[in-house]
Structure formats: C-alpha cells, structure tokens
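Engineer: Quick one, fold the following:
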Amino acid sequence: MEFVKTSPPIYECLLFDLDDTLYPFSSGLSDACTNNIIEFMVEKLGIDEEGVVELNDILYKKHGTTMAGLKAVGYEFDNDEYHSFVHGRLPYENLKPDPVLRNLLTSLPFRKLVFSNGDDGHVMRALKRLGIEDCFERIISFETLNPVINEAAEVSCETGHLPENPVICKPTEIAFEKAFEIAQLDPHKTLFFDDSVRNIQTGKAVGLHTVLVGKSEKVDGSDYALESIHNMKEAFPELWLESNINDKESERIVYATQISIETTIQA
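Structural biologist: Residues are numbered from 1 along each chain as shown. Next up, the predicted model:
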C-alpha cells in the first residue's frame, strides 16, 4: 500500500462510494448485481442472450452504468422496476456488521457522506447490514442526482429526442458537480474514497483528493491507494491527529472561558 504523503491537506469532508468500497468485492454482491442486470436485459427488454454480456460490458464502460447506457441508446423502462429487479434480489445476507469500520467512522468528526450510483433502497439496505447507517450526514444516490428522470424521459419521447443525459451518474463530471452543489462541499477540502478507477480519475479532475480502494498501488488520478477501507487510520493518521488537536483546542478555549468568567466574578 502506498501511504507516502507530503504536506497533507486539511480536510473538511470524507466522501465514500458504497459498493466494493465500504464493503469488499469478495462479498459477492457485485457479481450478483451483474447477473441480475443481464437477466433484466434479456427478460424485460428482450435483448438476445447471445450478445447480452458483451452489450452490458460496452454500455457500462461507455456510460458509467448499464442503466445509463440502456437509457442513452433508447430503451424505455421504469427506474423503480429496474432497481427492484437488479438490487432487490441481491444477497445482502452476505454483508455482516462491521464494528471496525463503524469505530473508524464514528471516531472522526469530519463531515461524512455516501456518494453512490445505487438507489436509496439499495444504499440503506447495505449500510444497515454493515451497521453504519447512522454514520453519515447524508446519502447522495441515484434519486438524489435524478429526481425527475421519469418525467424528463417522457418529455423527450414526445419530442422524439433522447435527453442529453438520460441518467446522471458517476463517472460523469456533471454527477460530481451536482453532488458538490447538493451537499455544499468544497472538493479541494474533500477526501474521496472509491474502488472505480474511472470515478477516481473524474474525482481528481474536478478537484477531489482521491483514494483508490481495493488496490495496493496507485493509478493515474489517485492520490492514495488502500487495499481495504479498514486501512484508513494507518494511511491517514493525520485525520485522527487533527481531530485530537481540535478537541484539545476546544478544551483550551472552554478552560480559558471558565477562568475568565471566574476572574470576572471574583473581581
């Protein structure tokens, strides 16, 4: 793991991806999700089985998510139905409470947010299984970035044109910029954790400090690399040092105030 850093920045916010970041790829949810997507394409959209795996791969690589790709090339389907089919059948029982991660998160006083391409239901189910659902200020999800996606799609169909961005999602810059606006965060003071190289590279391009999770070596666009999210304290001891300094400074101010009050009263 690469932990060498110089002049560490002062962070105000920690921004976390969910899937394969806050829980490991070995959970099996990622593979199950891919299988569910392929089944949806065949069963619900009538796509030929022979080329569906290749098409799924192409759409994912070009558009960030297969769902975004399907919408972009003209397939029409209900977003909730898609999420129910793809995420509703995932083996969430594979996720277990993670007290180590919970302790790491709760011991840091910084703003903490989840930034996921998944829908609200998926994100909350996963966080609850991990036992960390109350560790974050807010969740930025599919619904957050696409609040009127169905309405927009219907209007586009009426005019005969597809919307420019049928689905807003990582790794597009617009998804990051919208997340920054919604959460009112400064990317230059935010540490971003994600397992996707593409997401990391876009994050770096828009000003975030980037941490590639699940890898032992950095890639172009990543400032740091962690084999596991559990390595946070080892990799970023300054986060805990800074919080301790802030706590001590607060104690000093309170103590000084008390002395001032006592002196005033005695006078």
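Engineer: hey, where'd the helices end up in the stretch 151-267 of the chain?
Structural biologist: 173-183, 197-205, 232-235, 237-266 (DSSP state H, counting those that start in this stretch).
Engineer: For this protein, name the helix or strand with the lowest mean pLDDT.
Structural biologist: helix 149-159 (a mean of 45; mean pLDDT, DSSP states H and E).
Engineer: Report the separation between Asn79 and Asp31.
Structural biologist: Separation of Asn79 from Asp31 (CB to CB, to the nearest Å) stands at 23 Å. All C-beta atoms are positioned from the backbone trio N, CA, C, and that covers glycine.
Engineer: Which one's more surrounded, these two?
Structural biologist: Legend: neighbour count by other CB atoms under 10 Å for Asn79 and Asp31, higher for Asn79 (17 against 12).
Engineer: Which pLDDT value belongs to that one?
Structural biologist: Looking at Asn79, its pLDDT is 96.
Engineer: Hmm, Val52 is touching Met41, no?
Structural biologist: Yes - the pair Val52 / Met41 is scored as a contact, 5.2 Å apart, by CB atoms under 8 Å.
Engineer: higher neighbour count, the two?
Structural biologist: Using other CB under 10 Å, the more surrounded residue of Val52 and Met41 is Met41, with 22 against 17.
Engineer: so what's the more buried one up against?
Structural biologist: Neighbouring residues of Met41 by CB atoms under 8 Å, 6 or more residues apart in numbering: 47, 52, 55-56, 66, 70.
Engineer: Would you format those as CSV with secondary structure and pLDDT included?
Structural biologist: Below are the contacts of Met41 laid out as CSV (DSSP: H, G, I helix; E, B strand; the rest coil; pLDDT from 0 to 100):
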residue, secondary structure, pLDDT
Ile47, coil, 97
Val52, helix, 98
Leu55, helix, 97
Asn56, helix, 98
Thr66, helix, 97
Leu70, helix, 97
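Engineer: Arrange those residues in CSV, one row each, with distance to Tyr11 as further columns.
Structural biologist: CSV is the format used below for these (distance: CB to CB, whole Å):
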residue, distance to Tyr11
Ile47, 44
Val52, 42
Leu55, 40
Asn56, 36
Thr66, 33
Leu70, 37
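Engineer: Any of the residues you listed buried? List them.
Structural biologist: 47, 52, 55-56, 66, 70 (16 or more other CB atoms under 10 Å).
Engineer: nearest to Ser141, of those residues?
Structural biologist: Checking the buried ones among the contacts of Met41 against Ser141 by CB to CB gives Thr66 as the nearest, at 16.8 Å.
Engineer: Relative to Asp195, how far out is the closest one?
Structural biologist: 17 Å.
Engineer: With His209 instead?
Structural biologist: His209 is 16 Å from Asp195, by CB to CB.
Engineer: Pull out the buried residues from stretch 33-46.
Structural biologist: Quick answer for stretch 33-46 (16+ other CB under 10 Å): 33-34, 36-38, 40-41.
Engineer: Of the residues you listed, which pair is most distant in space?
Structural biologist: Across the buried residues of stretch 33-46 (CB to CB), the longest gap, 12.8 Å, separates Cys33 and Met41.
Engineer: hey, what's Leu212 bridged with?
Structural biologist: Asp194, Ala225 (DSSP bridges).
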